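Student: Fold the following.
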Amino acid sequence: MQPHHSSPWSPAAAISEQTPGVFFVEGPASNWIIARDGRDFTVIDGGYPGDIGHVLASISHLGLDPAHAAAMVITHGHIDHTGSAGHFSDEYGTPVLSSSAERPQLLGEVKYQVAPLQIIIRAWRPRVLKWMIHAIQAGGTATNNIAEAEAWDAARLAALPGGLVAVPTPGHTPGHAAYRLPEAGAVATGDAFVTGHAISAHCGPQMLHPMYHHDVAGAYASLNTLAAVPENRVLPGHGPAMDLDLATAVQSLAP
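Tutor: Next up, the predicted model:
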């Protein structure tokens, strides 16, 4: 479970160094990752628009300069993962990279988001209502408009701090990708596989509620791809980081 924090968010409490140079940051409702190499670093995902200050604070807390970000690499184009990307692109010229299939969503040409009706019919549930309020307040109704968003290729990812390797995991969105960090023994799973969420009552391996997936069958099919990933330090888009054998963890998640 990833509750909305009642106490003020602080980088000191939110950041954990999972392996040397790889930092997992638990935001108020979604997570991001910082992989550093000296003064340079890669950011994987970027929270809600309302999290821009938190993302910047997490970078500064590590003694890094936001202007030295080598890239912001996006798992998928939902606004709770792209919220600070436009700021980095506009203010620092940071490359914002995604899969080619996800790039149209970053540009604002399309939007694959949970339908408002799906939320409204469940808003009587306290967890859903609380999540909905937070999402609205954090800028969750905004549309991406990242004019300089680019599609990565394997060589470009590998050259970034963290030495990323893309793992295509479509379903949650058409171009969703997880990212392996082989040298760190970690994998950033985005929303293809999570360990908690504000509307979930438990913490541990799980899938997001089906209403969040663009293609539910595709999202579950992508678990087979994640099952083959050798890294066992799982850094999800929602919920805490966990050491897991993904091949075993996904077996219990069939729809």
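Student: got the contact list for the worst-scoring helix or strand of the chain on mean pLDDT?
Tutor: Ranked by mean pLDDT, DSSP states H and E, the weakest helix or strand in the chain is helix 116-120, scoring a mean of 91. With contact meaning Cβ atoms under 8 Å, 6 or more residues apart in numbering, helix 116-120 is reached by 128, 132, 211. Glycine gets a C-beta too; all of them are placed from N, C-alpha and C.
Student: ok, now with 6 Å
Tutor: Helix 116-120 is contacted from outside by 132, 211, using Cβ atoms under 6 Å, 6 or more residues apart in numbering.
Student: One more: stretch 122-132?
Tutor: With Cβ under 6 Å, 6+ apart, stretch 122-132 has contacts from 119, 198-199.
Student: Could you check it and say which residues are buried?
Tutor: Using 16 or more other Cβ atoms under 10 Å as the test for burial, stretch 122-132 gives 122, 127-128, 131-132.
Student: now stretch 134-149
Tutor: Within stretch 134-149, the residues that qualify as buried are 134-135, 138-140, 142, 144, 146, 149, counting by 16+ other Cβ under 10 Å.
Student: Equivalent analysis for stretch 149-156, please.
Tutor: 149-150, 152.
Student: still on that earlier bit, top of the contacts of stretch 122-132 by neighbour count?
Tutor: When neighbours are taken as other Cβ atoms under 10 Å, the top entry among the contacts of stretch 122-132 is I199 (22 neighbours).
Student: Can you tell me how far it is from K130?
Tutor: Going from I199 to K130 by Cβ to Cβ, to the nearest Å gives 8 Å.
Student: before we move on, back to that, tell me the one of the buried residues of stretch 122-132 nearest D37?
Tutor: W131 (35.3 Å; Cβ to Cβ).
Student: I'd like the contacts of stretch 122-132 written out as CSV, with distance to R233 added.
Tutor: Below are these laid out as CSV (distance: Cβ to Cβ, whole Å):
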residue, distance to R233
I119, 32
A198, 23
I199, 25
